[in-house]
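A.B. asks: Here is a sequence together with a model predicted from it:
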There are 2 protein chains.
Amino acid sequence: MYLEPIVADLAKLLSHPARVSIVMALMSGREMTATNLALEADITAQTASSHLDKLVRGKVLSVRKSGQYRYFRISGRDIAELIEILQGLSARQGHPTEDSDNRYLALKKARVCYDHLAGELAVDMLDQFKAQQLLEDRNGVLELTAAGITLFRKKGYNPDAEDDTQQLACKNCLDWSEQRFHLAGSLGRWIMTDMLQRRWAEKLPDSRIVRITERGLKKLEKEYSIRLSPQPSEASESGA
Amino acid sequence: MYLEPIVADLAKLLSHPARVSIVMALMSGREMTATNLALEADITAQTASSHLDKLVRGKVLSVRKSGQYRYFRISGRDIAELIEILQGLSARQGHPTEDSDNRYLALKKARVCYDHLAGELAVDMLDQFKAQQLLEDRNGVLELTAAGITLFRKKGYNPDAEDDTQQLACKNCLDWSEQRFHLAGSLGRWIMTDMLQRRWAEKLPDSRIVRITERGLKKLEKEYSIRLSPQPSEASESGA
DNA sequence: CCTGTACTTCGACACAGGCCGAAATAGGTG
DNA sequence: CACCTATTTCGGCCTGTGTCGAAGTACAGG
């Protein structure tokens, strides 16, 4: 087959710790400047420049130039999913008993996956939406039911305005621990955006960790009849 | 996070065309000897030995020693799924119009994915099993229904003998083209084994391509009420 | 204009890793 | 035992690539 070298090229981009650090830092969905990413990966600006060049060329990242800055981000959902899977595999293979790590647990609980929520919390939400018949699995494709369309539209989501009404579930975005799905696609994106905007949830600085606020817990129960087990709020560090 | 270097190590294993060739050759689920794999990747035995050593050390492959031979195979389903995803991503990114390739089309149609069937055909089968209520999506986990247990047991499948009765769907094993699931897990494995044994299907030599026999088509319809669109039988080359 | 900041390019060095010839080990066969 | 085959180890060559210092480009702001 002719695909071998192409696969190898893609894997090569992720075969260097510094580049992986860069990509991981962007998994929060945020944009970051070259200098920022250099700090993140603990390398000089020159070295970062070369890595970033490779990543952009290889379509792993994309860039937006603004003035003297260059803002990088993950190029697309498929790449984000690949990273997520690689990370999951490594987490399982890598260490036997690294459970002590607080950030690791917080990350498992709730995190950003490129443009939507992931982690146990997100899996929970999807389950409850399904139980409420807002979403339905039709022939392997997750779709909004009539009731779902009505409800989410009332909340401000506009399914017709989005690119694809159909693909609402992130099919390969598995949780590291549980082998379960969480909600992605246009609805997943809208939900996260909306929750952040209304301060139901907040991204912790410099990480993919998401914290659901007190207000968020209450509102989720009131507006969506969703009950989540509260997070241990100990993921408190904010510094780099 | 501490995962970056681990992810990089895993990716590094797949960052060399020869190693990818080796792993791809094993995606048929078959075991192969070191010499065989060297031929497959078009490298000398010494070089292959070094690559194989890395792959085994990195838990991508596992080995079975028998006499003077060493038989290699993919170490597990999760690795196979990773390869499948990488291949899918590369197939999309790589080329714009490579449709001319016959083998490529045959591969899309029906192939082995480590220990079960994949491709349009496999997706079709899963759909029809679900339509017949033999399988059911319960809360994101695909499970056998009572009717399904009865039927498949009658055919020779023993769900209790297998490790996990629950996990029947290959959740991240997506078709390259269609973003759909196909049947994996213990049932998926049994189905493929059974079909090969009864000559309803055959693996083409030296490839992952699977061909459904005439007999298979008829039997599938008769015994499982499954109708498949027949394959163009042009994937005829058998040589390396 | 000059100055500061963001970023890239160049150049040189060093190290890692792929490669194969040659030789060694290991198992199988007669 | 000799002889064959499968596989690994060793040694040396060579290419690729990560690294950073230094210099160069690009943009913003006084």
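C.D. replies: Right, received. Where do you want to start? Residues are numbered from 1 along each chain as shown, chains lettered A, B, ... in the order given.
A.B. asks: mind checking the longest helix of chain A?
C.D. replies: What stands out as the longest helix in chain A, according to DSSP state H, is helix A:77-94.
A.B. asks: touching chain B at all, it?
C.D. replies: Yes: when contact is scored as C-beta under 8 Å from any C-beta of the partner chain, part of helix A:77-94 falls within range of chain B: A:78-79, A:81-83, A:85-87, A:89-94. Just so you know, the C-beta spots here come from the backbone N, C-alpha and C atoms, and that holds for glycine as well.
A.B. asks: what's the answer for stretch A:211-229, then?
C.D. replies: No: Stretch A:211-229 does not reach chain B (C-beta under 8 Å from any C-beta); its nearest approach is 15.1 Å.
A.B. asks: quick revisit: quick check: which helices or strands does the longest helix of chain A pack against?
C.D. replies: Other helices and strands packing on helix A:77-94, by 3 or more C-beta pairs under 8 Å, 6 or more residues apart in numbering or on different chains; DSSP states H and E, are helix A:17-25, strand A:111-113, helix B:4-13, helix B:77-94.
A.B. asks: now for the ones you listed, which one comes closest to A:Ala11?
C.D. replies: For the helices and strands packed on helix A:77-94, the distance to A:Ala11 is smallest for helix B:4-13, at 4.8 Å, taking C-beta to C-beta.
A.B. asks: ok so, going back, for the longest helix of chain A, what is the average pLDDT?
C.D. replies: Averaging pLDDT along helix A:77-94 gives 85.
A.B. asks: Beyond it, next helix or strand please.
C.D. replies: Going down the chain from helix A:77-94, the next helix or strand is helix A:102-109, by DSSP states H and E.
A.B. asks: sorry, back to before: how far out from the middle of the chain is the longest helix of chain A?
C.D. replies: In this view, helix A:77-94 has its centroid 11 Å away from the chain centroid, taken as C-alpha atoms, centre = their mean, to the nearest Å.
A.B. asks: Can you list the buried residues in it?
C.D. replies: Within helix A:77-94, the residues that qualify as buried by neighbour count (16 or more other C-beta atoms under 10 Å in any protein chain shown) are A:77-91, A:93-94.
A.B. asks: all strands of chain A, in order?
C.D. replies: Assigned strands in chain A, in chain order: A:32-33, A:61-66, A:69-74, A:111-113, A:116-118, A:135-138, A:141-144, A:169-170, A:182-183, A:201-203, A:210-212 (criterion: DSSP state E).
A.B. asks: quick one: contacts of the last one?
C.D. replies: Counting contacts by C-beta atoms under 8 Å, 6 or more residues apart in numbering or on different chains, the residues outside strand A:210-212 that touch it are A:110-112, A:117, A:119, A:121, A:200-204, A:220, A:228, A:230-231, A:233, A:235.
A.B. asks: Where does the prediction get shaky in chain A?
C.D. replies: The model of chain A has pLDDT under 70 over residues A:1, A:94-101, A:139-140, A:160-179, A:231-240.
A.B. asks: Write out the residues of it neighbouring DNA strand D.
C.D. replies: For chain A, the contact set with DNA strand D under C-beta under 7 Å from any atom of the strand comprises A:Lys12, A:His16, A:Ala18, A:Ile43, A:Thr44, A:Gln46, A:Thr47, A:Ser50, A:His51, A:Lys54, A:Gly67, A:Gln68.
A.B. asks: Need those in TSV (columns: neighbour count and distance to DNA strand C).
C.D. replies: What follows is those, written out as TSV (neighbours: other C-beta atoms under 10 Å in any protein chain shown; distance: C-beta to the nearest atom of the strand, whole Å):
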residue	neighbour count	distance to DNA strand C
A:Lys12	19	10
A:His16	19	10
A:Ala18	20	14
A:Ile43	19	11
A:Thr44	9	8
A:Gln46	9	3
A:Thr47	13	8
A:Ser50	11	6
A:His51	23	9
A:Lys54	16	11
A:Gly67	5	8
A:Gln68	6	4
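A.B. asks: farthest-separated two in those?
C.D. replies: Between all members of these, the longest pairwise span (C-beta to C-beta) is found for A:Lys12 and A:Gly67 and amounts to 32.1 Å.
A.B. asks: Tell me who's in contact with the residue nearest the centre of chain A.
C.D. replies: With distances taken as C-alpha atoms, centre = their mean, the residue of chain A nearest its centroid is A:Cys113 (0.5 Å). Neighbouring residues of A:Cys113 by C-beta under 8 Å, 6+ apart: A:Met27, A:Ala80, A:Glu81, A:Glu84, A:Ala122, A:Cys170, A:Cys173, A:His182, A:Ala184, A:Arg208.
A.B. asks: Beta-bridge partners for it, please?
C.D. replies: A:His116 (DSSP bridges).
A.B. asks: I'd say A:Lys130 and A:Glu136 touch.
C.D. replies: Yes: contact between A:Lys130 and A:Glu136 holds when scored by C-beta atoms under 8 Å: they sit 7.2 Å apart.
A.B. asks: out of these two, which sits in the busier spot?
C.D. replies: The neighbour count for A:Lys130 versus A:Glu136, taken as other C-beta atoms under 10 Å in any protein chain shown, is higher for A:Lys130 (21 against 16).
A.B. asks: now do the same end-to-end measure for stretch A:67-86.
C.D. replies: Across its full length, stretch A:67-86 reaches 35 Å between end residues, using C-alpha to C-alpha, to the nearest Å.
A.B. asks: what's the answer for stretch A:59-75, then?
C.D. replies: This stretch, stretch A:59-75, spans 6 Å end to end (C-alpha to C-alpha).
A.B. asks: Is that stretch in proximity to chain B?
C.D. replies: Yes: figure legend: stretch A:59-75 in contact with chain B (C-beta under 8 Å from any C-beta); contacting residues A:Lys59.
A.B. asks: Report the buried residues of that stretch.
C.D. replies: Neighbour-count burial for stretch A:59-75 flags A:Val60, A:Leu61, A:Val63, A:Arg70, A:Phe72, A:Arg73, A:Ile74, A:Ser75 (criterion: 16+ other C-beta under 10 Å).
A.B. asks: contacting residues around that stretch?
C.D. replies: Stretch A:59-75 is contacted from outside by A:10, A:13-14, A:22-23, A:26-27, A:29-34, A:37, A:52, A:55-56, A:79-80, A:83, A:114, B:93, using C-beta under 8 Å, 6+ apart.
A.B. asks: who in chain A is up against DNA strand C?
C.D. replies: Taking C-beta under 7 Å from any atom of the strand as the test, the list of chain A residues beside DNA strand C reads A:33-36, A:45-46, A:48-50, A:52-53, A:68-70.
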